[in-house]
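In: Next come a sequence and a model predicted from it.
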Amino acid sequence: MPAIPARDVKRLRDQTGAGFADCRDALVEAKGDFDKAVRLLREKGSAAAEKRSGRATTEGLIHAYIHDHRIGVLVELSCETDFVARNQQFRDLANDIAIHIACNYPAPARWVSREEVPAAVIEEEADLIRVQLARDPKNSRKPEAVIERIIEGKLNRFLGERILLEQPFALDDSKKKRVKDRLVETAQTTKENIRIRRFVRFERGEDLG
């Protein structure tokens with residue numbers, strides 16, 4: 001087993017929120033490659049979170065965030081037990097998510113997860129993309145299978161910008177983390193299923209014409 005400096009383990013813990021042993025094992029498996037160790041932890045965390053996803057989340061909190069008397073956010077974050085709901089890590093997570101929503105980054109989130117997106121929205125956006133592609137004469141020479149792959153890619157990009165869990169996390173300086181990854185980090189440390197149930201964002205003066 002290669003020697004892993006304690007400072008590297010601490011750095012990985014600070015960035016991912018995973019336990020000491022998990023961080024050490026990830027660095028060993030990655031042979032000291034820090035970025036690879038981060039990916040390994042996120043993959044394992046996502047797998048563990050998937051196993052917990054069926055467990056009931058009847059506890060939690062509603063968090064309010066106000067920015068400069070101009071933007072307001074309400075987010076409902078749920079978990080399995082009242083113990084975790086009162087945990088500071090859980091409360092920090094709720095605040096981070098609310099700040100992300102307030103930042104409106106990279107585009108206004110409309111849904112929490114892909115499962116919430118109405119089929120009519122997906123069909124309408126796909127039709128719009130298809131019309132846009134048809135306007136470019138170069139696309140007329142492309143096989144239909146290629147056109148469908150282009151539509152799929154553009155549709156996934158559209159949804160990724162508007163689905164909260166899939167958005168790049170606004171508070172991550174590395175620009176590599178999604179909102180879902182931030183949830184997984186806290187789920188790893190609390191060992192509970194954590195869900196964003198719903199959210200709403202207000203901005204002063206919006207929709208006033």
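Out: On my side now, so go ahead. Numbers count the residues shown, from 1 in each chain.
In: switch to C-alpha atoms for all contacts and neighbour counts from now on
Out: Fine.
In: And the helices in the chain, which stretches?
Out: Counting by DSSP state H, residue ranges of the helices within the chain are 6-16, 20-29, 34-52, 82-85, 88-103, 119-134, 144-162, 179-190.
In: so which of those comes closest to Val200?
Out: Counting by Cα to Cα, Val200 lies closest to helix 88-103 out of the helices of the chain; the figure is 8.5 Å.
In: so how far is that closest one off the chain centroid?
Out: A distance of 12 Å separates the C-alpha centroid of helix 88-103 from that of its chain, computed with Cα atoms, centre = their mean, to the nearest Å.
In: Compute the number of surrounding residues for Pro5.
Out: Residues contacting Pro5 under the criterion other Cα atoms under 10 Å number 11.
In: For it, give its distance to Gln15.
Out: Separation of Pro5 from Gln15 (Cα to Cα, to the nearest Å): 16 Å.
In: that older thread, using TSV, please lay out the helices of the chain together with mean pLDDT, distance to Arg110 and mean neighbour count.
Out: Formatted as TSV, the helices of the chain follow (pLDDT from 0 to 100; distance: least, Cα to Cα, whole Å; neighbours: other Cα atoms under 10 Å):
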stretch	mean pLDDT	distance to Arg110	mean neighbour count
helix 6-16	78	27	16
helix 20-29	82	34	19
helix 34-52	69	23	17
helix 82-85	92	25	16
helix 88-103	95	10	20
helix 119-134	92	11	13
helix 144-162	91	5	15
helix 179-190	89	14	21
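In: Ile71 is nearest to which of those?
Out: Comparison of those against Ile71 by Cα to Cα identifies helix 88-103 as nearest, at 6.4 Å.
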